[in-house]
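A.B. asks: A predicted structure for the sequence below; I have some questions about it.
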Amino acid sequence: MKVLLITSHFYPETFRCNDIAFELVEKGYDVDVLTAIPDYPQGKYYDGYGIFRKRIERIKGVKVYRAFIIPRGHGGPIRLAINYISYIISSIAFGLYLAIRYRYDRIFVHEVSPIFVGIPAVYIKKIQKIPLVFWVLDLWPETLKSYGKFSSGFIYNQVDKLTRWIYNNCDRILISSLGFRSAIAEKGVDDAIINYFPNWADKDHTSNIVYEIPEMPQGFILMYAGNIGTGQNFINLMKAAEILKDDKNINFVILGDGSMYKWVESFIMDNNLSDTVHLLGQFPSYSMPSFYKKADAMIVSLTSDFAHNNTLPAKVQGYMLAKKPILGLIDGEGQTIINEAKCGFACGANDYKGFASLVRRVASMDKEERIRLGENGSKYSVLHFNYEKCMNNLDNILKSL
């Protein structure tokens, strides 16, 4: 079976679609990927890639075609819009070329923001008359509400129409969070074609590679790993850190990059938090096990809005796999999963004072209590987010269409 996987991000960027593409090859599928020139999260082309470099390559048995994009830069609204538009135009053109030149049996779309990644998929589906599977990891147009000015009006309505068009041209819609089901069904999608297909821990998180990490601070280490963006609730997270700054035993260690990185850096300097908040920057995904071993607990945080409240961040699975307690500054599904798994504690996304209290509570726990929380998360992950189960499920879905 020949599968075209369409995604705006692919290896060497770190996304779950990498696992899907490589695993399908292992299962005997012939896989092509239509993606973009890699630029996330740094906002510039990766070394070795460019307009005239590595636009077509083969990686671990996967043929990769890279559409042109204008890099996202620091992620401001205008630059992001230009980035999205350049991807739409180029991916449609490249997708039509692939549809005319090659014959596929299935299309699989990995949809992280924006929803526009589905446009070339629908065109190819119509040309070749083949099944389309769409994996939803971000709700659109609801995600636009997090940008404030786009929460209603012409742009929101047009994106809503586009989203409905894409969804209603799918043969199967996979949802990464159970909270997505009602929002998608409300757009006229038959509930029977919606299947729960959660994230799993990044395979690099099971790596035995020993990575030489920077020296960690002494005391209790509360670690965050991932995107440092507007949706990750860093304003409230830093307010909690400010409340705790006089307790020198409690240290926030932040790994990652994103559009809010400079803001976080400035907040640390302006509020004299450099003794307790350590902004270390971006590291490769295979280094995460080495970092996680040094952490006493992990942070998951999202701003409160409809889209984020119905999202389970993929980092949760990695935290669970690492057997670390999780502290959530988060509403909705993220908080529900933490409580259901009994793997940590969570408070509302805007309750930074309550989060500071939770940090003090976990920091004062016996080590054995924290170990027990971590074990609970690991057991929950094995039951609900097992990699092999997810891949076998996808294999069955593709073959059943």
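C.D. replies: Sure thing, it's come through. Residues are numbered from 1 along each chain as shown.
A.B. asks: Put the alpha carbons of the host helix or strand of Arg370 into CSV.
C.D. replies: Secondary structure assignment for Arg370, by DSSP states H and E: helix 367-384. What follows is helix 367-384, C-alpha atoms only, in CSV (Å, rounded to 0.1, in the frame of the first residue of the first chain):
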residue,chain,number,x,y,z
LYS,A,367,10.8,11.2,47.8
GLU,A,368,8.8,7.9,48.1
GLU,A,369,5.6,9.8,47.6
ARG,A,370,6.9,11.5,44.5
ILE,A,371,8.0,8.1,43.2
ARG,A,372,4.6,6.7,43.7
LEU,A,373,3.0,9.5,41.7
GLY,A,374,5.5,8.8,38.9
GLU,A,375,4.7,5.1,38.9
ASN,A,376,1.0,5.9,38.7
GLY,A,377,1.6,7.9,35.5
SER,A,378,3.7,5.2,34.0
LYS,A,379,1.0,2.6,34.5
TYR,A,380,-1.6,4.9,33.0
SER,A,381,0.6,5.5,30.0
VAL,A,382,1.0,1.8,29.3
LEU,A,383,-2.7,1.3,29.4
HIS,A,384,-3.7,4.3,27.3
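A.B. asks: gap between it and the chain center?
C.D. replies: Relative to its parent chain, helix 367-384 has a centroid offset of 22 Å by Cα atoms, centre = their mean, to the nearest Å.
A.B. asks: pLDDT averaged over the helix or strand just after it - what is it?
C.D. replies: Downstream of helix 367-384, the next assigned helix or strand under DSSP H and E is helix 387-400. Averaging pLDDT along helix 387-400 gives 94.
A.B. asks: now the residue with the largest distance to the centre of the chain: how far from Asn271?
C.D. replies: Most distant residue from the mean C-alpha position of the chain: Asp246, 33.1 Å away (Cα atoms, centre = their mean). As judged by Cβ to Cβ, to the nearest Å, Asp246 and Asn271 stand 12 Å apart. The way it works is simple: take the backbone N, C-alpha and C, and place the C-beta from them, glycine included.
A.B. asks: buried residues in the longest helix seen in the chain?
C.D. replies: Ranked by number of residues, the top helix in the chain under DSSP state H is helix 77-101. Buried residues in helix 77-101, counted by 16 or more other Cβ atoms under 10 Å: 79-80, 82-84, 86-88, 90-92, 94-95, 98-99.
A.B. asks: And stretch 118-127, by the same measure?
C.D. replies: Buried-residue list, stretch 118-127, by 16+ other Cβ under 10 Å: 118-125.
A.B. asks: quick check, nearest of these to Leu5?
C.D. replies: Nearest to Leu5 out of these is Ala121 (Cβ to Cβ; 9.8 Å).
A.B. asks: in which helix or strand would I find the closest one?
C.D. replies: helix 118-128.
A.B. asks: How far off centre is that helix?
C.D. replies: 24 Å.
A.B. asks: For the helix or strand hosting Leu237, what does the pLDDT average out to?
C.D. replies: Under the criterion of DSSP H and E, Leu237 resides in helix 234-243. Here helix 234-243 scores 97 as its mean pLDDT.
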